[in-house]
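1. Mind looking at a prediction? Sequence and model below.
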Amino acid sequence: MKSAKAAQVAIQRVIRAIPRGRVASYGEIAARAGLPRRARLVGRVLGESDGLPWHRVVRASGRSAFAPGSRGFREQCQRLRAEGVVVVSGKVDLARFGWQRDLDAEIWGGILR
DNA sequence: ACATTGACTCGCG
DNA sequence: GCGCGAGCCAATG
């Protein structure tokens, strides 16, 4: 049973699991929800559901999915910075704040060893 | 059933 | 880094 509703629930669950101070891409979320190639579906669910940490979801490039300067764009940058995420030129460094691509430990571990 | 529409992604130039 | 085109797929009319 792979109903659309089941997919929606799976996606919501994954998004709620994104740690504070971290971000994840649409494709990443879809994959983690067991729905490869469903990035657009993630966007749809975000728009229809509320109560989700939508601001922690960005494009694969690290940029916001909202148009630069738009309401949602500014709101997202603001919320992210509020939880410690560094946003440079409307972009997040996935190597440092990406959820899955958590190179943080390895990078610093290597330098500070 | 067909066409359009995206909070997307990737490869090319 | 930016624009373009192609691939993608559920929802909508």
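-> Happy to help now that I have it. Residues are numbered from 1 along each chain as shown, chains lettered A, B, ... in the order given.
2. give me the number of residues near the nearest residue to residue A:24 once chain neighbours are set aside?
-> Nearest residue to residue A:24 in three dimensions, chain neighbours excluded: residue A:99, at 4.2 Å (CB to CB, 6 or more residues apart in numbering). To be clear about C-beta, it is placed using only N, CA and C from the backbone, and glycine gets the same treatment. Neighbourhood size, residue A:99 [other CB atoms under 10 Å]: 20.
3. measure residue A:99 to residue A:17 for me?
-> 9 Å (CB to CB, to the nearest Å).
4. Check residue A:58 too.
-> Residue A:58 is 16 Å from residue A:17, where distance means CB to CB.
5. Which one's more surrounded, the two?
-> residue A:58 (26 against 13).
6. got a list of what the more buried one touches?
-> Residues near residue A:58 by CB atoms under 8 Å, 6 or more residues apart in numbering: A:23-25, A:64-65, A:76, A:92.
7. Check the spacing between the residue nearest to residue A:24 and DNA strand C real quick.
-> Distance of residue A:99 to DNA strand C, computed by CB to the nearest atom of the strand, to the nearest Å: 21 Å.
8. Which residues are in contact with that residue?
-> Residue A:99 neighbours (CB under 8 Å, 6+ apart): A:18-19, A:22-24, A:28, A:56.
9. Rebuild these as CSV, extending it with pLDDT.
-> Formatted as CSV, the contacts of residue A:99 follow (pLDDT from 0 to 100):
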residue, pLDDT
A:18, 97
A:19, 96
A:22, 96
A:23, 97
A:24, 97
A:28, 97
A:56, 98
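10. Just the pLDDT at whatever residue of chain A ends up closest to DNA strand B, thanks.
-> Of all residues in chain A, residue A:43 sits closest to DNA strand B, at 2.6 Å by CB to the nearest atom of the strand. Looking at residue A:43, its pLDDT is 97.
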